[in-house]
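> need a 3D model of the following:
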Amino acid sequence: MNSPYLNNYGPLLLMFILSAGLAGVLILASAIVGKHTNSGEKDQPYECGIKPTGDAREPFSVHFYMVALIFILFDIEAIFLYPWALVYGDLKVFGFVEMLLYIMILLVGYIFLWKKGALDWNR
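Numbers count the residues shown, from 1 in each chain. This is a model prediction of the structure:
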């Protein structure tokens, strides 16, 4: 390896080795020090102290998945506002107009979902 390559990636490699080593040491220490005994009570699912009722494999309504996907979609799109805010001063009017267009597209998508009833919990 030549020196500039090691200077650039050496700290990253060192951090990876240290974090992998620490994870291994903690898992090994847990296996050695921890008391591991299986019992019927430990194998039961924990539900806030309430005895479990029904089957854990019951299907959920698709609505829960849709709301989760919509949340992730709008959350990821909101992340794109941060880099724009950092360089807002350099972009001038062009950047402002582009971000208005971006927000308008998001708003149209949000209104579409609202009108379709995707955000209605009573359905």
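> top helix in the protein by residue count?
helix 3-33 (DSSP state H).
> now find how far off-centre the very next helix or strand once past that one is within its chain.
Sequence order places helix 62-79 as the next helix or strand after helix 3-33, per DSSP states H and E. Counting by CA atoms, centre = their mean, to the nearest Å, helix 62-79 is centred 11 Å from the centre of its parent chain.
> next SSE after helix 62-79?
Counting by DSSP H and E, what follows helix 62-79 is helix 81-86.
> Leu106 against Asp75, yeah?
No - using CB atoms under 8 Å, Leu106 is not in contact with Asp75, being 11.5 Å away. For glycine as for every other residue, the C-beta is placed from the backbone atoms N, C-alpha and C.
> those two: which has the busier surroundings?
Set Leu106 next to Asp75 and count neighbours by other CB atoms under 10 Å: Leu106 wins out with 16 against 9.
> so what's the more buried one closest to, chain neighbours aside?
Glu77 (5.8 Å; CB to CB, 6 or more residues apart in numbering).
> burial measure for that neighbour, as a count.
Quick note: Glu77 (other CB under 10 Å) scores 14 neighbours.
> so how far is the longest helix of the chain from its chain's centroid?
Offset of helix 3-33 from its chain centre (CA atoms, centre = their mean): 24 Å.
> cool, thanks, talk later.
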